[in-house]
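# task: produce atomic coordinates for the following.
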Amino acid sequence: MVRSKIIAILLILTVAVSLFGCSGTKTDETKSSSKDDIIKNAQSCLKIGNRFSNLLMDETSSYFYGYAAAEVSSFRLAVEKLLWLKGEGDSFADLAADSRYTDWDTIAEMCFASPYPYYFEGLIHDVQGESEEANKMYVNAAIMTNYPEEGLNYNYLRGMSVDELYALRDELRKEEDKIYEKYEPEFYGYPRSVYNCASEYLYADAMEKLDAEQYEEAMIPARYAVRLNPKSEDMWVCAVTAAMYADQPHQATVWLYEASKYFPEGEKIGVLIKAINDISEEADAQ
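Below is the predicted model of the structure:
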């Protein structure tokens, strides 16, 4: 029921963006976006991810690492797709053989809050004259809270020469190296959807799975929910509860540790910590 309401709200937003345009995602009125913007933002996210990683706050660091990765890797993939469309490579697989991730869904799963996989996928559809699919992707990107206020406009990529595109691809690969040196993404096969940008949607999905006693399955959307909204105590409670019922006490303990950093005096988190300690004591006594 809760998830249905969230979907309805997001559908309203989608229709609104469709009617009033995508804030310059593909119009000449929007100032061209710079590759430096993406690189600088990714470098900033990488630094923040490093800080949280040093604090052993895995989900928070994964959010920032994942955002940086989704941003740069989707840009690089778009450049490779353009090279392929210009006739480079015997096949796309051959052209992108030395790249880490070469499909939109995989890159998007690194951070569902990033608008860049949707935007760049839309751009490639646009280049191929697939207007309906392009507009769908542009809209998906534009309704995300992290979508830049000034819009996105990388249309100039179309006019770049093959040599220029290869140089850009190589530059982006170097930026990817910096990210993946620190971050090794884990993929859980959670279906890609624009609704995944809303922590409430993920939380509702996790709660439905908990109610259905699908505990391991519940851990997946619960994990993504706390990444998007770590300042919600209820979302941490959901994640820890799913891990406990899935008989994964180590993961429950790891999540409780991170949750306690956000809620050092949280009543609900305190109850779960006591429960974990009681279980541990009972196990030691046996």
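
# can you list the low-confidence ranges for the protein?
Within the chain, the stretches with pLDDT under 70 are 1-30, 280-286.

# where do the domain boundaries of it fall?
Domain assignment for the chain, taken from automatic domain parsing, gives 24-182, 198-285.

# okay, the ones you listed in JSON lines with distance to Gly189 next?
In short, each C-beta sits where N, CA and C put it, glycine included. Below are those laid out as JSON lines (distance: least, C-beta to C-beta, whole Å):
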{"stretch": "domain 24-182", "distance to Gly189": "8"}
{"stretch": "domain 198-285", "distance to Gly189": "8"}
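
# name the residues of the helix ranked longest in the chain that are buried.
Secondary structure assigned by DSSP state H gives helix 58-85 as the longest helix of the chain. Buried positions in helix 58-85, judged by neighbour count with 16 or more other C-beta atoms under 10 Å: 58-84.

# which neighbouring elements make contact with that helix?
Helix 58-85 is packed against helix 35-54, helix 92-95, helix 104-110, helix 116-127, helix 162-182, helix 215-228, helix 249-262, with contacts defined by 3 or more C-beta pairs under 8 Å, 6 or more residues apart in numbering; DSSP states H and E.

# out of the ones you listed, nearest to Asp234?
helix 215-228 (9.4 Å; C-beta to C-beta).

# then that closest one to CSV, C-alphas only?
In CSV, the C-alpha atoms belonging to helix 215-228 read as follows (Å, rounded to 0.1, in the frame of the first residue of the first chain):
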residue,chain,number,x,y,z
TYR,A,215,14.3,-12.0,4.8
GLU,A,216,17.4,-12.3,2.6
GLU,A,217,15.5,-10.7,-0.3
ALA,A,218,14.4,-7.8,2.1
MET,A,219,18.1,-7.1,2.9
ILE,A,220,18.7,-5.9,-0.7
PRO,A,221,16.2,-2.9,-0.9
ALA,A,222,16.9,-2.3,2.8
ARG,A,223,20.6,-1.8,2.1
TYR,A,224,19.9,0.6,-0.8
ALA,A,225,17.4,2.5,1.4
VAL,A,226,20.0,3.2,4.1
ARG,A,227,22.5,4.3,1.5
LEU,A,228,20.1,6.9,0.2
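
# quick one: contacts of the following helix or strand past it?
In the C-terminal direction, the helix or strand that comes right after helix 215-228 (DSSP states H and E) is helix 233-245. Defining contact as C-beta atoms under 8 Å, 6 or more residues apart in numbering, one finds that helix 233-245 is touched by 199, 203, 206-207, 209-210, 213, 215-216, 218-219, 222-223, 225-226, 229-230, 249, 251-252, 255-256, 258-259, 262-263, 266, 268-269, 272, 275-276.

# also stretch 84-101?
Taking C-beta under 8 Å, 6+ apart as the rule, stretch 84-101 contacts 73, 76-77, 80-81, 83, 102, 107, 124, 127-128, 162, 165, 173, 176, 180.

# number of residues surrounding Val139?
Number of residues near Val139 (other C-beta atoms under 10 Å) recorded here: 21.
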